[in-house]
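Asker: could you work out the structure for the sequence below:
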Amino acid sequence: MGRVVLLAAQRPFKMVAGIEISGALHEVARENVKRFDNDALQCHDIRLLRGDAAEYKFPRGKLAVYLYNPFRGNILKSVLERLLAQPREITLLYHTPAEREIVEATGAFELERELNYAAIFRRVRPTPDR
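Answerer: Numbers count the residues shown, from 1 in each chain. All right, here's what the predicted structure looks like:
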C-alpha cells in the first residue's frame, strides 16, 4: 500500500520502486503516495508499478531490495534470478523470510544480520558469472 516505498523515499536513494500485482492495492499505494508530505522526501523519483515481480527488470547498479514475504517458491526463484542477472552490489532485506532457503540456495548471498522478524543478506562478490 506504499508504506515501505514512502519510508525508503525518505532516504537519499536515486529511485524507489514498488511493484504490486493487485490492482486494488496498487491504487491504494498511489493514493497514499499522492497524499504524502513531499517535504519529508529525499527521493522524488518514486515509481509504483502494477505487475508481476517475477517479470520486473531491475535497474542497473547498486540495489537495496525489500521483500515482505510477498511470494513463494518458483516466483521467488524467478525474482532472484532476474535480480542476480547482472553483477552488482545488492542488499536484500527479507521480512518474514518464510522461503529463506531459496535465497541461501542461490549461493550468491551471505547473511549479514538476523533479526527477530527479518534477515538481511548481501550479495557475495558480484562477478559476471554469478
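Asker: what's the span of stretch 13-28, first residue to last?
Answerer: 23 Å (C-alpha to C-alpha, to the nearest Å).
Asker: so what touches it?
Answerer: Contact with stretch 13-28 is made by 1-2, 4-5, 8-9, 29, 42-43, 45-53, 56, 59, 64, as judged by C-beta atoms under 8 Å, 6 or more residues apart in numbering. Using the backbone N, CA and C atoms, a C-beta is placed for each residue, glycine as well.
Asker: any of these buried? List them.
Answerer: 1-2, 4-5, 8-9, 29, 43, 46, 48, 53 (16 or more other C-beta atoms under 10 Å).
Asker: would you point out the most distant pair within those?
Answerer: Greatest spatial distance in the buried ones among the contacts of stretch 13-28: Cys43 and Ala53, 20.1 Å, computed using C-beta to C-beta.
Asker: and the helix or strand hosting Val5, what does it pack against?
Answerer: For Val5, the host element (DSSP states H and E) is helix 3-9. The contact analysis (3 or more C-beta pairs under 8 Å, 6 or more residues apart in numbering; DSSP states H and E) places helix 3-9 against strand 16-20, helix 23-35, strand 46-50, strand 63-68.
Asker: neighbouring strands for the third one, and are they parallel or not?
Answerer: Looking at strand 46-50 with DSSP bridges, its partner strands are strand 16-20 (parallel).
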